[in-house]
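Engineer: Sequence and predicted structure below; questions after.
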Amino acid sequence: MQLQHLIHSLSQRSSPDFTDTQINGIAFDSRKVQAGYLFVAIHGTQVDGHAYIQRAVDAGAVAVVAEQGRYTADATPVPVILVPDSAKALAQLADCWYGSPSQELQLVGVTGTNGKTTVTTLLHDLFTQLGYRAGLLSTVEIRIGKARRSATHTTPDALAIQASLSEMRDERVDYVFMEVSSHAVHQQRTHGLHFAGGVFTNLSHDHLDYHGTFAAYLAAKKSFFDQLPTGSFALINADDKRGGVMVQNTAATVHRYSLRTLVDFHARLLANTSQGLQLDIAGTEVFFKLLGRFNAYNLLAAYGVAVLLDQDPQEALVALSALQGAEGRMQHVTDPSGRTTALVDYAHTPDALENVLQTLRSLLPSGHQLSCVVGAGGDRDRSKRPDMARISAELADQTILTSDNPRSESPEAILDEMEAGVPAHLAHKVLRITDRRQAIRTAVRLRPEVLLVAGKGHETYQEVAGVRTPFDDREELAHALNTVARVN
Ligand SMILES: CC(=O)N[C@H]1[C@@H](OP(=O)(O)OP(=O)(O)OC[C@H]2O[C@@H](n3ccc(=O)[nH]c3=O)[C@H](O)[C@@H]2O)O[C@H](CO)[C@@H](O)[C@@H]1O[C@H](C)C(=O)N[C@@H](C)C(=O)N[C@H](CCC(=O)O)C(=O)O
Ligand SMILES: Nc1ncnc2c1ncn2[C@@H]1O[C@H](COP(=O)(O)OP(=O)(O)OP(=O)(O)O)[C@@H](O)[C@H]1O
Ligand SMILES: N[C@H](CCC[C@H](N)C(=O)O)C(=O)O
Ligand SMILES: [Mg+2]
């Protein structure tokens, strides 16, 4: 593609004429540059990409996009295009490179602290059931028709998003459901995508390490709705107190869902049992396989999107009632002895953990024991650590604090911070076992009626000291349950 054509996509008021420069690819990481590439320098959270321009040129870059004020182009041997915001420019260039696939698909973005993976996966599976070709970009995986590949991010970088959307367009996918993380919005990974609609699930404590303040975290989520185009829809959870502010400045048509008030999409929770949920939605009573009140919200959001995308409400409900939700979320692991109901869940925020433990508590006859194995990630929001430990100590009968991807941090230091949140009068209910495998085995040996292993869900690794080794809570739990069942 001609460089000039790419530059047009940046809507710069004036740019030098580089008509003859042919571009073979785009990269924002100098290590990925090949001959004939356009390199986009981005000021990141760890380093400044502008420091790698020379390396990019040495690797074969024939043009560079850099940010005004961060780079002086004087001695650069290739054309340099200066832009006000190079992360935004990357998104625009990626869109142009792949021929704007989001314009040819119905793309729905889901944002919020918790529930994004669940809602997008439900939607993907629902639309597949309804006979469409559906695409999914989620924390767990990328699905294009029947093909699946593991995800590296909740929301990939702008080039990777456009590459996936372009593959989906080639596969004649009709609807795409994607998670939109606050990091992604803040880093402009989703800039310029043409969304048919956006969904807001909820907002609670997470990622303050990155955003600094709750207000900044909220602002990042809100700017997703600020960018939705006229003619699109914004579907918000009316029961979340941040729902209103999300859509204060949106051009999208606002719709709401609620379990409490009579808004566009209203459901009444009729029963919440260990088998699932019974809801009255628009006068129809439906049974769903997902557990817990919070999943009533996720189901209602998925239903609302289906209706807003012109699907038959009854057909959507029937299809939804057959679905299981996302991998690693309230996922059962069989105990051969039949004694323990064992679950793996991705609760890694205080709000999620509270919801899940409350759900399990409410489903348990009094006198039955609920145990929880839980940790908190390293190099991530530290302030959620004491809260998560306190919540588990309050709601479970036994808590085992353990490691959950300590990354570059000391596992013991993370556990110290968690333990500091446990009130003295609950300390007797809390154990600390740094090794996650041992923590899970010990929890199983305690033989509770219900055991929740929280935080890692679908993940298949444990990252310690920057090294990822294979580790899967579901496998570990199954192994421990089998061993204990054999011995007893
Ligand atoms: C903190 C964070 O979000 N970092 C993301 C960000 O990296 P960054 O811009 O800060 O990178 P950096 O290391 O400072 O480098 C700056 C620039 O220099 C370039 N560079 C760097 C080195 C070099 O040799 N050459 C070179 O060109 C880099 O490619 C980059 O363009 O942009 C990168 C490309 O998009 C992401 O891969 C990276 O995700 C890191 C790996 C990450 O862990 N992110 C997590 C926190 C994240 O994004 N999570 C959210 C969701 C969480 C949730 O809600 O569940 C997600 O969407 O996944
Ligand atoms: N609507 C909800 N409200 C509160 N908690 C929820 C909700 N849905 C799911 N959860 C809890 O949060 C956990 C994560 O859910 P899910 O993976 O769907 O969220 P997510 O927003 O995709 O998370 P991430 O930010 O890591 O991508 C679940 O395992 C469950 O414990
Ligand atoms: N997407 C979340 C996932 C956290 C999951 C938990 N297992 C951890 O590693 O902290 C994050 O990157 O903050
Ligand atoms: Mg997710």
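Structural biologist: Received it, and whenever you're ready, just let me know what you need. The structure displayed is predicted, hence computed values, not measured ones. Residues are numbered from 1 along each chain as shown. Ligands and ions are numbered 1, 2, ... in the order given.

Engineer: neighbours around the residue of the stretch 301-450 of the chain found nearest ligand 3, how many?
Structural biologist: Per CB to the nearest ligand atom, residue 377 is where the stretch 301-450 of the chain lies closest to ligand 3, at 2.0 Å. (Glycine included, C-beta is placed from N, CA and C.) As a burial measure, residue 377 scores 21 neighbours (other CB atoms under 10 Å).

Engineer: my guess is it contacts residue 411, does it?
Structural biologist: No. Under the criterion of CB atoms under 8 Å, residue 377 makes no contact with residue 411, lying 11.0 Å away.

Engineer: related to what we said a few turns ago, quick check: chain neighbours aside, which residue is closest to the residue of the stretch 301-450 of the chain closest to ligand 3?
Structural biologist: Nearest non-adjacent residue to residue 377, counting by CB to CB, 6 or more residues apart in numbering: residue 405, 4.7 Å away.

Engineer: wait, residue 199 sits on residue 305?
Structural biologist: Yes. With contact defined as CB under 8 Å, residue 199 counts as touching residue 305 (6.3 Å).

Engineer: Could you check how far the residue nearest to residue 456 when sequence neighbours are not counted is from residue 292?
Structural biologist: Spatial nearest neighbour of residue 456, excluding adjacent residues (CB to CB, 6+ apart): residue 473 at 5.0 Å. The gap separating residue 473 from residue 292 is 18 Å, by CB to CB, to the nearest Å.

Engineer: How about residue 284?
Structural biologist: Noted for residue 284: a distance of 21 Å to residue 292, by CB to CB.

Engineer: likewise residue 309?
Structural biologist: 26 Å.

Engineer: Next to ligand 2 in this structure, residues from the stretch 201-350 of the chain, please.
Structural biologist: 201-202, 294, 297-298, 326, 329, 345-347 (CB under 6 Å from any ligand atom).

Engineer: what's near enough to touch residue 455?
Structural biologist: By CB atoms under 8 Å, 6 or more residues apart in numbering, the residues touching residue 455 are 346-348, 374-377, 404.

Engineer: And the closest residue to residue 464 other than its chain neighbours, how far from residue 248?
Structural biologist: Leaving aside its sequence neighbours, residue 464 sits nearest to residue 406 (CB to CB, 6+ apart; 5.5 Å). If you measure residue 406 against residue 248 using CB to CB, the figure is 39 Å.

Engineer: out of those two, which sits in the busier spot?
Structural biologist: Legend: neighbour count by other CB under 10 Å for residue 406 and residue 248, higher for residue 406 (23 against 10).

Engineer: For the most centrally placed residue in the chain, give me its contacts.
Structural biologist: Centroid-nearest residue in the chain, with CA atoms, centre = their mean: residue 154, separated by 4.1 Å. By CB under 8 Å, 6+ apart, the contact set of residue 154 is 116-117, 138-139, 179, 181, 183-184.

Engineer: coming back round to it: could you verify that the residue of the stretch 301-450 of the chain closest to ligand 3 is part of a strand?
Structural biologist: No. Counting by DSSP: H, G, I helix; E, B strand; the rest coil, residue 377 is not part of a strand but coil.

Engineer: Return the distance of it relative to ligand 4.
Structural biologist: Relative to ligand 4, residue 377 is positioned 14 Å away (CB to the ion, to the nearest Å).

Engineer: Can you point out the buried residues in the helix or strand where residue 122 lies?
Structural biologist: Per DSSP states H and E, residue 122 falls inside helix 116-129. Residues of helix 116-129 classed as buried by neighbour count (16 or more other CB atoms under 10 Å): 116-129.

Engineer: show me where pLDDT drops low in the stretch 1-150 of the chain?
Structural biologist: Along the stretch 1-150 of the chain, the model assigns pLDDT under 70 to residues 13-19.

Engineer: what would the contacts of residue 154 look like in CSV with distance to ligand 4 and secondary structure?
Structural biologist: Listed next are the contacts of residue 154 as CSV, based on distance: CB to the ion, whole Å; DSSP: H, G, I helix; E, B strand; the rest coil:
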residue, distance to ligand 4, secondary structure
116, 4, helix
117, 3, helix
138, 6, coil
139, 3, coil
179, 5, strand
181, 7, coil
183, 12, helix
184, 11, helix
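
Engineer: wait, which of these is closest to ligand 3?
Structural biologist: residue 139 (6.0 Å).

Engineer: Double-check the closest one against residue 151; I have them as touching.
Structural biologist: Yes. At 6.0 Å, residue 139 counts as touching residue 151 under the criterion of CB under 8 Å.

Engineer: now the longest strand belonging to the chain, how far from the chain's geometric center?
Structural biologist: The strand that spans the most residues within the chain, counting by DSSP state E, is strand 265-273. Computed by CA atoms, centre = their mean, to the nearest Å, the chain-centroid distance of strand 265-273 equals 25 Å.

Engineer: Remind me what the following helix or strand past that strand packs against, helices and strands.
Structural biologist: The C-terminal neighbour of strand 265-273 among helices and strands, as given by DSSP H and E, is strand 276-281. Judged by 3 or more CB pairs under 8 Å, 6 or more residues apart in numbering; DSSP states H and E, strand 276-281 is in contact with strand 265-273, strand 284-288, helix 293-308.

Engineer: For strand 276-281, give me every contacting residue.
Structural biologist: So strand 276-281 is contacted by 265-272, 285-293, 295-296, 299-300, 303, 317 (CB under 8 Å, 6+ apart).

Engineer: Can you tell me which of those residues are buried?
Structural biologist: Buried among the contacts of strand 276-281 (16+ other CB under 10 Å): 265-267, 272, 286, 288-292, 295-296, 299-300, 303, 317.

Engineer: which one of these is nearest ligand 4?
Structural biologist: residue 295 (14.4 Å; CB to the ion).

Engineer: ok, that closest one touching residue 288?
Structural biologist: Yes. Residue 295 lies in contact with residue 288 (CB under 8 Å); the separation is 7.4 Å.

Engineer: Can you get me a residue count around residue 105?
Structural biologist: Quick note: residue 105 (other CB under 10 Å) scores 21 neighbours.

Engineer: scratch that, residue 184 is what I was asking about
Structural biologist: Using other CB under 10 Å, residue 184 has 24 neighbouring residues.

Engineer: The residue nearest to it when sequence neighbours are not counted in helix, strand or coil?
Structural biologist: Distances taken as CB to CB, 6+ apart put residue 155 closest to residue 184, at 3.5 Å, once the chain neighbours are dropped. When classified by three-state DSSP, residue 155 comes out as coil.

Engineer: contacting residues around residue 155?
Structural biologist: 137, 161, 178-181, 183-184, 189-190.

Engineer: Tell me if I'm right that residue 176 and residue 105 touch.
Structural biologist: Yes. Applying CB under 8 Å, one finds residue 176 in contact with residue 105, separated by 5.1 Å.

Engineer: For burial, what's the neighbour tally of the residue in the chain that ligand 1 sits nearest to?
Structural biologist: Closest contact between the chain and ligand 1, by CB to the nearest ligand atom, is at residue 44 (2.2 Å). Close neighbours of residue 44, defined as other CB under 10 Å, add up to 12.

Engineer: What strand or helix carries residue 4?
Structural biologist: helix 3-8.

Engineer: Alpha carbons only: can I get that helix in CSV?
Structural biologist: Extracted as CSV, the C-alpha positions of helix 3-8 are listed here (Å, rounded to 0.1, in the frame of the first residue of the first chain):
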residue,chain,number,x,y,z
LEU,A,3,2.3,5.6,2.2
GLN,A,4,0.3,8.5,0.9
HIS,A,5,-2.8,6.4,1.1
LEU,A,6,-2.1,5.5,4.7
ILE,A,7,-1.4,9.1,5.6
HIS,A,8,-4.8,10.2,4.2
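
Engineer: Thank you, goodbye.
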